[in-house]
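A.B. asks: Pasting the sequence and the predicted coordinates here, then a few questions.
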Amino acid sequence: MFENLTKTELYAMLTGVFTACLIVSNIIAGKTFDFFSFTLPCGVVIFPVIYIVNDVLAEVYGYQKARNVILLGFFMNLVAVICYNITILLPAPVFFENSQAFSIVLGSTFRLLVASFVAYLAGSLLNAKLMVHLKGWDEDKLFFRCIVSTLFGEGLDAIVFIVIGFLGTMPLEALLLMIVAQALFKTVYEIIVFPVTRTVIFRVKRLPEV
């Protein structure tokens, strides 16, 4: 899959994947779903993919380049939200019957928007920072670095997003369970797909620089 690519070319591809997944996550984050006895935001469906790419970027390219992608993703997500809201404000023709549904899906409340943006920046940057920091301690323990960085990154992401986005809208006990469930769900997801993460990292490391 990667044989004909350089690290520079793959970096551009990973940037695109990361940014696209982030925009999708922002669209679906406003809905929650029942997972056994827990309630989770639907953003968990795709956010683990973002953190896997984050791990690859931090492990292979370093914190500086990972941070650049994270900030670019934040900016493009902001552009998308601005475009959504401009589109919602534009008058629809009389034959367009889905205007209200369009607004409900893409017109996230300001509270959820702030929650998503702040959680994303805090969690993604912490995840990348921990990956690089732990690598300095022991470069051979890739599994440990990936899981620990995800646990703390996803934990911070869950705390920030759910507290800002849902505090006061549900019982405190349910909110705390939602935080724990979201962080654990994403961490377990990364444990399950770690063989994929490891394979991608090892293959990317063997690519030529340019």
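C.D. replies: Thanks, I have it.
A.B. asks: what's the next secondary structure element after the lowest-mean-pLDDT helix or strand in the chain?
C.D. replies: Ranked by mean pLDDT, DSSP states H and E, the weakest helix or strand in the chain is strand 38-41, scoring a mean of 72. Downstream of strand 38-41, the next assigned helix or strand under DSSP states H and E is helix 47-56.
A.B. asks: Can you give the contact residues for that following helix?
C.D. replies: Residues from elsewhere that reach helix 47-56, judged by Cβ atoms under 8 Å, 6 or more residues apart in numbering: 14, 17-18, 21-22, 25, 66, 70, 124, 127-128, 131, 145-146, 149-150, 153-154, 157, 186, 189-190, 193, 196-197, 200-201, 204. Every C-beta, even on glycine, is put in place using the N, C-alpha and C of the backbone.
A.B. asks: Give me the distance between the helix or strand following that helix and the centre of its chain.
C.D. replies: Remark: after helix 47-56, the chain's next helix or strand is helix 63-89, criterion DSSP H and E. Taking Cα atoms, centre = their mean, to the nearest Å, one finds the center of helix 63-89 at 12 Å from the center of the full chain.
A.B. asks: Could you list every helix and strand in contact with helix 63-89?
C.D. replies: helix 7-28, helix 99-106, helix 110-137 (3 or more Cβ pairs under 8 Å, 6 or more residues apart in numbering; DSSP states H and E).
A.B. asks: What residues sit buried inside the second one?
C.D. replies: By neighbour count with 16 or more other Cβ atoms under 10 Å, helix 99-106 contains the buried residues residue 106.
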